[in-house]
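Peer 1: Just need the structure, nothing else, for what follows:
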Amino acid sequence: MSQPWDYIAKLVCIGDSGTGKSSLTIRLCEGRFSASHDVTIGVEFGSRIVPVGPPASLDLGLALDGQPSGSSPDAPATGDEPPQATATSGLPTPPRKPQASPSQKRMKLSLWDTAGQETYKSITRSYFRGASGALLVFDISRRSTFISCTQWLQDLRQIAEDGIVVILVGNKSDLTGENSDSNRRQVTQQEAEEWCRLNNVIRYVETSAKSGDGVERAFLEVAERIYRNIEAGRYDLNDRRSGVKGFGASGGANAGMPQTVTLGMNDAMRKGTGWTGDCC
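Peer 2: Numbering: from 1, shown residues only. This is a model prediction of the structure:
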């Protein structure tokens, strides 16, 4: 039986209360939308296995590591291509060996949906440890939630590991219809993109948990960028603090078997060098 996933990564959804973080997680994991949702207390969990790397990544058209959008990150540069065989010697050109298509890599996203209320901030901040990716969510129709993003980002970068992949998500795009009577937008796309540039956040994505627009794109982009970091050797897959693990990376008798995480509130709040869960 083939392994269910190649990597597992811890992602956190952060932002003010009422921005739709839980709805985004439910839309991704369960494919549904609920108009009413109880306020998150502490943290809630979800998971989804998504494809990363080629060939699936080619459809995303991401501009990664200085490459133009739409190009294949795995394609060799022109200067690195092997010289082509010629027939100047009179000998026939040997046939090229067909290259096998790369096997599709899969990443299990362990999603930690955190409470946005100030009351729970001391608890939810502790869950930032060991995260390899974050979706910083605000409500397009509530400017105050956009202003709060600066503080959320500062808190995240103080606690999470260096190099965490962060994208800014403007949720509730369904409230921004072209009809001026129904357009409740208070934050423009240009403002959000400029904020990303000033705060060194890699991308801004607009989503609607209600319609599903942009939701998969947001999570897939974070997953793909984490995968690129894995390929570049930027994570120690045996270090719990990295927020990323390979399938069976812990070794021992359980090597090759998926690892189970059991994390209590006391574990999450324990002070020390890093996050103390078994995985992500």
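Peer 1: need the helices for the stretch 151-280 of the chain, in chain order.
Peer 2: In the stretch 151-280 of the chain, the segments counted as helices under DSSP state H, counting those that start in this stretch are 189-198, 215-231, 265-269.
Peer 1: Kindly report the same for the stretch 1-150 of the chain.
Peer 2: 21-30, 121-124, 143-147, 149-159.
Peer 1: Please identify the deepest-packed of those.
Peer 2: Stretch with highest mean neighbour count among the helices of the stretch 1-150 of the chain: helix 21-30 (a mean of 22; mean count of other CB atoms under 10 Å). C-beta coordinates here come from the backbone N, C-alpha and C atoms, glycine included.
Peer 1: what's the angle from that helix to helix 215-231?
Peer 2: 80 degrees (axes from the mean of the first three to the mean of the last three CA atoms, to 10 degrees).
Peer 1: who does helix 21-30 touch, helix- and strand-wise?
Peer 2: strand 7-14, strand 43-52, strand 105-114, strand 133-139, strand 165-171, helix 215-231 (3 or more CB pairs under 8 Å, 6 or more residues apart in numbering; DSSP states H and E).
Peer 1: Tell me which of the ones you listed lies nearest to R240.
Peer 2: Across these, R240 has its closest neighbour in strand 7-14 (9.9 Å, CB to CB).
Peer 1: So, low pLDDT: which residues of the stretch 51-200 of the chain?
Peer 2: 63-102, 116-124, 178-181 (pLDDT under 70).
Peer 1: As TSV, the helices and strands packed on helix 21-30 with distance to L24 would be great.
Peer 2: Listed next are the helices and strands packed on helix 21-30 as TSV, based on distance: least, CB to CB, whole Å:
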stretch	distance to L24
strand 7-14	6
strand 43-52	10
strand 105-114	8
strand 133-139	7
strand 165-171	6
helix 215-231	6
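Peer 1: R197: which of the ones you listed is closest?
Peer 2: strand 165-171 (10.7 Å).
Peer 1: Direction included, what does that closest one pair up with?
Peer 2: Sheet pairing of strand 165-171 (DSSP bridges) gives strand 133-139 (parallel), strand 203-206 (parallel).
Peer 1: circling back: tabulate the helices of the stretch 1-150 of the chain (a markdown table), appending distance to G15.
Peer 2: Shown next, in a markdown table, are the helices of the stretch 1-150 of the chain (distance: least, CB to CB, whole Å):
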| stretch | distance to G15 |
| --- | --- |
| helix 21-30 | 6 |
| helix 121-124 | 11 |
| helix 143-147 | 7 |
| helix 149-159 | 6 |
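Peer 1: R129 contacts I159, correct?
Peer 2: Yes - using CB atoms under 8 Å, R129 makes contact with I159 at a distance of 5.9 Å.
Peer 1: mind checking how far V12 is from L109?
Peer 2: According to CB to CB, to the nearest Å, V12 and L109 sit 11 Å apart.
Peer 1: residues shared between the contacts of the two?
Peer 2: Common neighbours of V12 and L109 (criterion: CB atoms under 8 Å, 6 or more residues apart in numbering): none identified.
Peer 1: What's the separation between R129 and A160?
Peer 2: From R129 to A160 the distance is 7 Å (CB to CB).
Peer 1: How about R203: what's its closest non-neighbour residue?
Peer 2: I167 (4.6 Å; CB to CB, 6 or more residues apart in numbering).
Peer 1: Could you report the neighbour count for that neighbour?
Peer 2: Here the count is done by other CB atoms under 10 Å, and I167 has 21 residues near it.
Peer 1: can you tell me which residues contact it?
Peer 2: Counting by CB under 8 Å, 6+ apart, I167 touches 134-136, 201-205, 218, 221-222.
Peer 1: again, only using 6 Å
Peer 2: 203, 205, 222 (CB atoms under 6 Å, 6 or more residues apart in numbering).
Peer 1: mind giving me CSV with the residues you listed and columns for pLDDT?
Peer 2: Listed next are those as CSV, based on pLDDT from 0 to 100:
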residue, pLDDT
R203, 95
V205, 97
V222, 96
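Peer 1: Of those, which is the nearest to G212?
Peer 2: Out of the contacts of I167, the member with the shortest distance to G212 (by CB to CB) is V205, at 13.2 Å.
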